[in-house]
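[1] Prediction below, plus the sequence it came from.
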Amino acid sequence: MGDEGGSDPAASGRSWARCLLAGAVFAVCMAGTTLPTPLYPLYQEKFGFSELTVTVVYAVYAFGVIGVLLLAGNVSDTVGRRPALLWGLGFAAAGAGCFLAADALPWLYAGRLFSGLSAGLFTGAATAYVLELAPPGGSSRATFVATAANMGGLGCGPLLAGLLAEYAPAPLTLPFVVHLALVAASVLVLLRLPETVTDRRPLSAARPRRPALPARVRAVFVPSAVAAFVGFALFGVFTSVSPAFLARFLHVDNHAVSGLVVALAFFASTGGQLAVGRVGVARSLPLGCAVLFAGLLLLAGALRADSLALVVLSALVGGTGQGLAFRAAMTAVARAAPADRRAAVISALFVVGYAGISVPVIGVGLLADPLGLEGAGLVFIACMLALLLPAGGYLLRRPVRTPSG
């Protein structure tokens, strides 16, 4: 292919076609992790469980991701990208299979756990694979491909499931059958792509790489991690309980609409991440906090006024803030970290982010019974605002100063 790197062995397997194919595989995996989102009200009706159970089912996914990040986040550096991603696709297929077989609540827990294991393997390995398959000099565009595949895939999951659940038969079956077909196609694609890790070793050589926080990184990491935590928490609430809120309080029973509302937050995040290149890391972090703050206020207004328009606005604004803050946080901590500790520091940031997806969401579920879903949501928003305000203020007073930043 014309983009391949001539006599350079490291570049001989690179092309934009291969980079985009790897991005498509990445998107398929991430879509599977959000596929059940607009279907939770149907599962509630079928199995008769509470809002707390919905949030716990959702949060099991985050625990799976965190477990992989802590124990095997760097395994693709050892065994190769393709074996790690094939395992990830295997977990994705197992998750879809659990949802297809679900005749009781434990199947949903198992399905979400497998989805988390899949996403945990893909988060680092697929990002690295997309970058490594791009032609030399194309790292900026390849970063966009990886970002769009990750967040775009997360957005496509609820959109696809919502459309199929609303306009096709078997709403609790067909979305997962379609996803299994996409996973099978992804396996075939992955088998045709080249391996990019040249020094491959057996799985027994892999060692867990604990998240680490060197002293020189802490001043940048702490406010960045707070912004990441709040942004992921906002996504967690949107993807776990917003379909129930739309159905119960706004009488939006159309699954395609509820899936679209969730998808908009992820698509907006993609836009926010792309804007970091123009705005700059130092300005994107406090700006992301401010936009996230506005998104949370809009969500509070939506809960108080039972307004669909405000829910949509909060998804767009909050998603944009999350994208700005998270990509800037990732860039800032990566630049501040010593080269030999960079992967461990980035893993620590992801652990904080996925803790944001799980812990506050379970808190909303616990409060939903005594306070109602709206009251629990308002308590959640107040707590997130209390975290975000000092972090944003600190970043305004002390903008991040990192190498190349």
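    Arrived safely, thanks for sending.

[2] What's the local residue count around residue 392?
    By other Cβ atoms under 10 Å, the residues close to residue 392 number 24. Any C-beta I mention is one placed from the backbone N, CA and C, and that applies to glycine too.

[3] repeat for the one 5 residues further on
    Counted with other Cβ under 10 Å, the burial measure for residue 397 works out to 8 neighbours.

[4] again with residue 304
    12.

[5] Tell me which residues touch it, please.
    By Cβ atoms under 8 Å, 6 or more residues apart in numbering, the contact list for residue 304 reads 374, 378.

[6] Tell me how far it lies from residue 298.
    Plainly put, residue 304 is 11 Å away from residue 298 if you go by Cβ to Cβ, to the nearest Å.

[7] cool, residue 354 as well?
    From residue 354 to residue 298 the distance is 24 Å (Cβ to Cβ).

[8] Compare neighbour counts for the two and give me the winner.
    When residue 354 and residue 298 are compared for neighbours, residue 354 comes out ahead with 27 against 22, by other Cβ under 10 Å.

[9] So which residues of this structure form helices?
    Using DSSP state H, the helices of the chain run over residues 16-34, 40-47, 51-72, 75-79, 81-101, 105-133, 139-167, 174-192, 218-249, 255-279, 281-305, 308-336, 342-397.

[10] now these in TSV, with mean pLDDT and distance to residue 203?
    Shown next, in TSV, are the helices of the chain (pLDDT from 0 to 100; distance: least, Cβ to Cβ, whole Å):
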stretch	mean pLDDT	distance to residue 203
helix 16-34	96	20
helix 40-47	93	36
helix 51-72	88	9
helix 75-79	84	5
helix 81-101	96	8
helix 105-133	93	13
helix 139-167	91	25
helix 174-192	98	18
helix 218-249	89	30
helix 255-279	93	33
helix 281-305	93	36
helix 308-336	90	27
helix 342-397	87	18
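
[11] right, so of those, which gets closest to residue 202?
    helix 75-79 (7.2 Å; Cβ to Cβ).

[12] Please state the offset of the closest one from the chain centre?
    In terms of Cα atoms, centre = their mean, to the nearest Å, the centre of helix 75-79 is found 22 Å from the chain centre.

[13] Name the residues that touch it?
    83-85, 121, 124-125, 128-129, 197, 200-203, 205-206.

[14] what about residue 301, how many neighbours?
    Residue 301 has 16 nearby residues by other Cβ under 10 Å.

[15] Excluding chain neighbours, give the residue nearest to it in space.
    Leaving aside its sequence neighbours, residue 301 sits nearest to residue 310 (Cβ to Cβ, 6 or more residues apart in numbering; 4.9 Å).

[16] do residue 18 as well
    The nearest residue in space to residue 18 (Cβ to Cβ, 6+ apart) is residue 133, at 4.5 Å.

[17] doesn't residue 24 make contact with the one you found?
    No: here residue 133 does not reach residue 24: they are 11.8 Å apart, not a contact under Cβ atoms under 8 Å.

[18] between those two, which one's more packed in?
    Neighbour count, other Cβ under 10 Å: between residue 133 and residue 24, residue 133 has more, with 25 against 17.

[19] Report the contact partners of that one.
    By Cβ under 8 Å, 6+ apart, the contact set of residue 133 is 13, 14, 15, 18, 19, 22, 142, 193, 194, 196.

[20] For residue 54, grab the count of nearby residues.
    Neighbour tally, residue 54, other Cβ under 10 Å: 23.

[21] gap between it and residue 40?
    Distance from residue 54 to residue 40, by Cβ to Cβ: 5 Å.

[22] shared neighbours of those two, which are they?
    Listed as contacting both residue 54 and residue 40 by Cβ under 8 Å, 6+ apart are 240, 244.

[23] Just the pLDDT for the nearest residue to residue 132 once chain neighbours are set aside.
    Leaving aside its sequence neighbours, residue 132 sits nearest to residue 196 (Cβ to Cβ, 6+ apart; 3.9 Å). pLDDT recorded at residue 196 is 89.

[24] So that it lines up with my notes, have the first residue be 353 from now on.
    Sure thing, new numbering starts at 353, so read that last one as residue 548.

[25] doesn't residue 482 make contact with residue 548?
    No: the criterion here is Cβ under 8 Å, and residue 548 misses it with residue 482 at 10.0 Å.
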